[in-house]
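Peer 1: Pasted the sequence and its predicted model underneath.
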Amino acid sequence: MCEYSSEDGFANDWHLVHLGSRAVGGAGLVFTEATAVTPEGRISPQDLGLWKDEHIAPLARITAFLHSQGAHAGIQLAHAGRKASTFRPWSGEGVITPENGGWSNVLAPSAIPFAPNYPQPHELDQSGIAAITQAFRAAAVRADKAGFDVIEIHSAHGYLLHEFLSPISNRRSDEYGGSFENRARLLLEVVAAVREVWPRERPLFVRISATDWVEKSGEEGGWDLPQSVQLAALLRDRGVDLVDVSSGGNVLGAAMTLGPGYQTPFSEAIRTQTGILTGTVGMITDPAQAAHILRTGQADLIFIARQFLRDPYWPLHAAAALGETASWPAQYLRAAAAKSPARSPVGNKS
């Protein structure tokens, strides 16, 4: 979950406490927010970044604390594409001009703005595309040095890599546009570049939007589930360990069908049809609901986002509700006694 609390991409005390609290609360894997691989790849001027070596040390401080609590550390590498240079949610809406701290070099597969009040992007040329691929590669090297256990490449929610996948935002006529193979080319090149430098024993995830939620899909419309299944098979064969399945974000006002676990059918379809591990996310708030998703094979991992903002100790509470062992920190055992059927110091997380 983006915190919009950074300056020049640097992690600070807010990020340490925010992410550290989720490890204390029992999460087995704690992810950073979308972390930009270039300065112009930030959603807002306050986003985290990993485009220079100086960013490593503050992030290493966070991963060390996560590890000390028995959690694994994940980082989500991202480029905002045409949704860059915008206000953080509580400061305004739409584009920030360079005079107000934004930037003019907003980049996209095609010169199509996301919405009328969003930046007018510049269409990437071949050298710009190659530079972005190398930026993801360099960020992966830095993530290794910072002590992360998992990398997730963000290719969802209308950000750059998703923009290349979807015909709605990709109107190119070169080898990066048109056919499914061409639209998927950049993501596959980024995956190959990251996998080349990311240790093979450490997991590599890719987050996708399974559908743009538009009626007309395929090469003449939006991105859809059949294309996501096809993409997942390609990702599996290129060393991706898990596909984190979300949806939407590339079409303003898309008619999404919302409800508890509304995205799990996408995860289940990709998992069943390709054999790749999948994660699911979206309005999963109840422990029994999450356990049912795993037990029935709809996904291999549950990603909790907004519910973790409401309750940093959700895994501990979920374990108690399900009668499972909970790894309470030793410092909290006096409070755990009345709440959890099993008490133990920090160890394997829920």
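Peer 2: Noted; the coordinates are in hand. Keep in mind that what you see is a predicted model, and the values were worked out from it rather than measured.

Peer 1: The helix or strand hosting E152 pairs with which strands?
Peer 2: Per DSSP states H and E, E152 falls inside strand 150-155. If you go by DSSP bridges, strand 150-155 pairs up with strand 72-78 (parallel), strand 204-209 (parallel).

Peer 1: got the CA coordinates for that strand in CSV?
Peer 2: Extracted in CSV, the C-alpha atoms of strand 150-155 (Å, rounded to 0.1, in the frame of the first residue of the first chain):
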residue,chain,number,x,y,z
VAL,A,150,11.3,-11.6,-2.8
ILE,A,151,10.9,-9.2,-5.7
GLU,A,152,7.5,-8.5,-7.3
ILE,A,153,7.4,-6.8,-10.7
HIS,A,154,4.4,-4.5,-10.8
SER,A,155,2.5,-5.0,-14.1
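
Peer 1: Moving along the chain from it, name the first helix or strand you hit.
Peer 2: Moving toward the C-terminus from strand 150-155, the next element (DSSP H and E) is helix 160-165.

Peer 1: elements contacting that next one?
Peer 2: strand 107-108, strand 150-155, helix 185-197, strand 204-209 (3 or more Cβ pairs under 8 Å, 6 or more residues apart in numbering; DSSP states H and E). The C-beta positions use only the backbone N, C-alpha and C, and glycine is treated the same way.

Peer 1: right, and the helix or strand after it?
Peer 2: Counting by DSSP H and E, what follows helix 160-165 is helix 180-183.

Peer 1: between the strands paired with strand 150-155, which one is nearest to F308?
Peer 2: With Cβ to Cβ as the measure, strand 72-78 is the member of the strands paired with strand 150-155 nearest F308 (13.4 Å).

Peer 1: tell me the angle of that closest one relative to helix 185-197?
Peer 2: In terms of direction (axes from the mean of the first three to the mean of the last three Cα atoms, to 10 degrees), strand 72-78 departs from helix 185-197 by 140 degrees.

Peer 1: the helices in the stretch 201-350 of the chain, which residues?
Peer 2: 225-237, 264-274, 287-295, 306-310, 314-322, 333-336 (DSSP state H, counting those that start in this stretch).

Peer 1: Which residue comes closest to S166 once chain neighbours are left out?
Peer 2: W223 (4.1 Å; Cβ to Cβ, 6 or more residues apart in numbering).

Peer 1: was I right about the one you found contacting H162?
Peer 2: Yes - contact criterion Cβ atoms under 8 Å: W223 and H162 qualify, at 7.3 Å.

Peer 1: So for stretch 196-211, what gets flagged as buried?
Peer 2: 198, 203-211 (16 or more other Cβ atoms under 10 Å).

Peer 1: hang on, I meant stretch 301-312
Peer 2: 301-304, 308, 311-312.

Peer 1: Dump the buried residues of stretch 196-211 to JSON lines, plus pLDDT.
Peer 2: Converted to JSON lines, those look like this (pLDDT from 0 to 100):
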{"residue": "W198", "pLDDT": "98"}
{"residue": "P203", "pLDDT": "98"}
{"residue": "L204", "pLDDT": "98"}
{"residue": "F205", "pLDDT": "98"}
{"residue": "V206", "pLDDT": "98"}
{"residue": "R207", "pLDDT": "98"}
{"residue": "I208", "pLDDT": "98"}
{"residue": "S209", "pLDDT": "98"}
{"residue": "A210", "pLDDT": "97"}
{"residue": "T211", "pLDDT": "96"}
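
Peer 1: mind putting these in JSON lines, distance to D174 included?
Peer 2: Conversion of these to JSON lines gives the following (distance: Cβ to Cβ, whole Å):
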{"residue": "W198", "distance to D174": "28"}
{"residue": "P203", "distance to D174": "33"}
{"residue": "L204", "distance to D174": "27"}
{"residue": "F205", "distance to D174": "29"}
{"residue": "V206", "distance to D174": "23"}
{"residue": "R207", "distance to D174": "26"}
{"residue": "I208", "distance to D174": "23"}
{"residue": "S209", "distance to D174": "23"}
{"residue": "A210", "distance to D174": "26"}
{"residue": "T211", "distance to D174": "25"}
